[in-house]
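*Asks:* coords please:
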Amino acid sequence: MKTIIIGGVAGGASAAARLRRLDEQAEIIILERGEFVSFANCGLPYYIGGEITDRENLTLQTPESFKSRFNIDVRVFNEATKINPDEKTVIVKNIVTGEEYSLKYDNLILSPGAEPIKPNIKGIDANHVFTLRNIPDTFKIKSYIEKEKPKTAVVVGGGYIGVEMAENLAKAGLDVSIVELADHLIAPLDFDMAADVHRYIKQKGIKLYLNNGVTAIESSKVILQKGEIKADMVIMSVGVRPETAIAQDCGIKTNAKGSIIVDNNMCTNIPNIYAVGDAVEAENFVTKSPAFIPLAGPANKQGRIAADNISGINSKYTGTQGSAVLKLFDMTVATTGLNEKTAQLDKIDYEKTYIYSSSHASYYPNGNMMSIKALWDKKSLKIIGAQIVGFDGVDKRMDVLATAIRFGGKITDLTELELCYAPPFSSAKDPVNMLGFVAENIVTGKIKQFFWHDVDCLPRDGSVTLLDARTVTEVEYGKIDGFTNIPLDTLRERISEIPKDKPVYVHCHSGLRSYIACRILQGNGYDCYNLAGGWRLYESVINERTVPEYVCTECK
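*Replies:* Predicted structure coming up:
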């Protein structure tokens, strides 16, 4: 059996290795038009910033290592230019010699990946404008920094790669700005969770231009929709599109965005042709709707599944849920599943909550707080998404939540998880448990919530009571207009000051003390609402918001 794989890196390389492990006699050929067949594309920004110092570490496998370990024929600088499904042949061009030749196949795997989007704007092809997709791109950027010694850089696009590039350009000594068309960085985050990221990245000296776009690039500056920025170099990071022209030309079905349509065995509509990785349309694990979620982990799994099916093993891909993590200097940002925007687009009736917890026991030194947000389906209680912004321990909590989503866990199931505990690592009630406890209180009616986007719409005419349960010292650092301060520890003795015939809206710093205040008030016959996420979240969002539209539904 002869299998040809077009493209390497995550999907193609993993498919090739899996095929060999399953069939020692199979003939396997990888065609790669570039110089590198398997490289650490997620590590490329860190070479530019100096975290990775040896360029050899970026290369995971070479043609020689593939040959010696797996007996796989890897042909770099060989580009597949045409597929003839009826003849089961691929036309290949040797980029070095210009020679063209034909290869027969029994099975074909397409792993062409995705290419960076280059908007049609003036100056996009200038020598100081770069995209980052592969190792040659990386070397080109690194060489430009070393030889031209630019002082200012603009990153266009605030997604994962854009933010990583901004960090590493700053570490390389440049004055960095990010321009993002949306109102916040990192699209999988909701704005309220991105607000902490905005504040932190600005503290690190990176300038943000949100709700703004680039209209032209000149030799030493970038022209924006609103204003201009000095720029000795520009990194375009506005997204990627599937590179699937060769598939479309031979009759393989693609969607409107060009992604190859496959079934859950990774088969295309043409027999014996499979497709994997960033070039394919995946199924969103949560919504079961088609999605484009280009990530290395899913690409590796898809490559393995394609190899299994070629070898007679009925493996199925069950969908991509979008689990991802980002390092931003010392901060960690992680997401999985849906955010509010996607949940609303899919018309899911969801509930949400926030907690603000320490990464480990508060009495153990050097703990850091993390902000966690979870969404769940109101009817089934299944978790549909989560976001965490913090420092230590973010990734392990997100991995727990991602696993819970994969196995259909309910938000209330988090209360039952027995997670590892010792003071340097966690608390006896882990933040994941705490998330479950808070949600359980909401689900069972022990507490009613209101949110940061409701605050400005609460009446200040005396028809409701607005209560701040923080200490007097905390209030001196900032307060919400209209809220009366009665510290939690004096609430019982001052409860007579609060009218019983009006709803009470309470907040504290994080939502914990105001929850206790609500329980005291409810126990005394009051109708009480707790501010989810507390003053901390409200203050972060209000001070970092870039548009004024964040108001409650009633006010809209």
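*Asks:* Gly390 reaches Asn368, doesn't it?
*Replies:* Yes. Counting by Cβ atoms under 8 Å, Gly390 sits close enough to Asn368 to count as a contact (6.1 Å). In short, each C-beta sits where N, CA and C put it, glycine included.
*Asks:* shared neighbours, those two?
*Replies:* In terms of Cβ atoms under 8 Å, 6 or more residues apart in numbering, Gly390 and Asn368 are both contacted by the residues Ser359.
*Asks:* Looking at the two now, which is surrounded by more residues?
*Replies:* Gly390 (23 against 15; other Cβ atoms under 10 Å).
*Asks:* what pLDDT does Ser362 get?
*Replies:* Ser362 carries a pLDDT value of 83.
*Asks:* residues touching it, list them.
*Replies:* Counting by Cβ under 8 Å, 6+ apart, Ser362 touches Ser427.
*Asks:* Pass me the low-pLDDT residue ranges in this structure, would you?
*Replies:* The chain contains residues with pLDDT under 70 at 39-41, 546-556.
*Asks:* The residue in it sticking out farthest from the centre and Thr471: what is the separation?
*Replies:* Distance from the centre of the chain peaks at Ser496, with 48.2 Å (Cα atoms, centre = their mean). As judged by Cβ to Cβ, to the nearest Å, Ser496 and Thr471 stand 21 Å apart.
*Asks:* How about Thr412?
*Replies:* 32 Å.
*Asks:* Then Lys257?
*Replies:* Distance from Lys257 to Thr471, by Cβ to Cβ: 53 Å.
*Asks:* Looking at the two, which one has more neighbours?
*Replies:* Thr471 (16 against 11).
*Asks:* Do I have it right that that one meets Ile486?
*Replies:* No. The criterion here is Cβ under 8 Å, and Thr471 misses it with Ile486 at 10.7 Å.
*Asks:* What helix or strand is Thr335 located in?
*Replies:* strand 331-337 (DSSP states H and E).
*Asks:* Okay, buried residues for that strand please.
*Replies:* Met331, Thr332, Val333, Ala334, Thr335, Thr336, Gly337 (16 or more other Cβ atoms under 10 Å).
*Asks:* what would those look like in TSV with distance to Phe407?
*Replies:* Output for the buried residues of strand 331-337, formatted as TSV (distance: Cβ to Cβ, whole Å):
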residue	distance to Phe407
Met331	29
Thr332	24
Val333	24
Ala334	18
Thr335	18
Thr336	13
Gly337	13
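*Asks:* ends of stretch 328-345, how far apart?
*Replies:* Taking Cα to Cα, to the nearest Å, stretch 328-345 runs 29 Å from one end to the other.
*Asks:* what distance separates that stretch from the centre of its chain?
*Replies:* Mean-position distance between stretch 328-345 and its chain equals 6 Å (Cα atoms, centre = their mean, to the nearest Å).
*Asks:* How about stretch 445-453?
*Replies:* That offset, for stretch 445-453, works out to 27 Å (Cα atoms, centre = their mean).
*Asks:* Please apply the same query to stretch 108-126.
*Replies:* That offset, for stretch 108-126, works out to 21 Å (Cα atoms, centre = their mean).
*Asks:* tell me how far the ends of that stretch are from each other?
*Replies:* 38 Å.
*Asks:* Over to stretch 107-120?
*Replies:* With Cα to Cα as the measure, stretch 107-120 spans 38 Å from end to end.
*Asks:* cool, stretch 358-371 as well?
*Replies:* First-to-last residue span, stretch 358-371, Cα to Cα: 9 Å.
*Asks:* What of stretch 231-241?
*Replies:* Termini of stretch 231-241 sit 26 Å apart (Cα to Cα).
*Asks:* before we move on, what about stretch 379-394?
*Replies:* 28 Å.
*Asks:* And that stretch, what's buried?
*Replies:* 381-394.
*Asks:* and if you look at stretch 192-207?
*Replies:* Neighbour count says stretch 192-207 has Asp192, Met193, Ala194, Ala195, Asp196, Val197, His198, Tyr200, Ile201, Ile206 buried, by 16+ other Cβ under 10 Å.
*Asks:* Double-check that the fourth one belongs to a strand.
*Replies:* To tie it back to what came earlier, the one meant is Ala195. No. Assessed with DSSP: H, G, I helix; E, B strand; the rest coil, Ala195 is helix; it does not lie in a strand.
*Asks:* which helices and strands sit right next to the helix or strand containing Asn441?
*Replies:* Under the criterion of DSSP H and E, Asn441 resides in helix 431-443. Contact here means 3 or more Cβ pairs under 8 Å, 6 or more residues apart in numbering; DSSP states H and E; on that basis helix 431-443 packs against strand 350-358, strand 369-377, helix 394-406.
*Asks:* what's around Leu31, how many residues?
*Replies:* Neighbours around Leu31, by other Cβ under 10 Å: 24.
*Asks:* Show residues contacting stretch 222-233.
*Replies:* 128-130, 141, 144-145, 148, 150-154, 156, 174-175, 177, 179, 207, 209, 212-217, 220-221, 234.
*Asks:* could you redo the last one with a cut-off of 6 Å?
*Replies:* Identification of contacts with stretch 222-233 by Cβ atoms under 6 Å, 6 or more residues apart in numbering yields 128, 150-154, 177, 212-216, 221.
*Asks:* Could you give me the buried positions within that stretch?
*Replies:* Residues Val222, Ile223, Leu224, Ile229, Ala231, Asp232, Met233 are the ones in stretch 222-233 that count as buried (16+ other Cβ under 10 Å).
*Asks:* Could you do stretch 86-93 as well?
*Replies:* Lys88, Thr89, Val90, Val92, Lys93.
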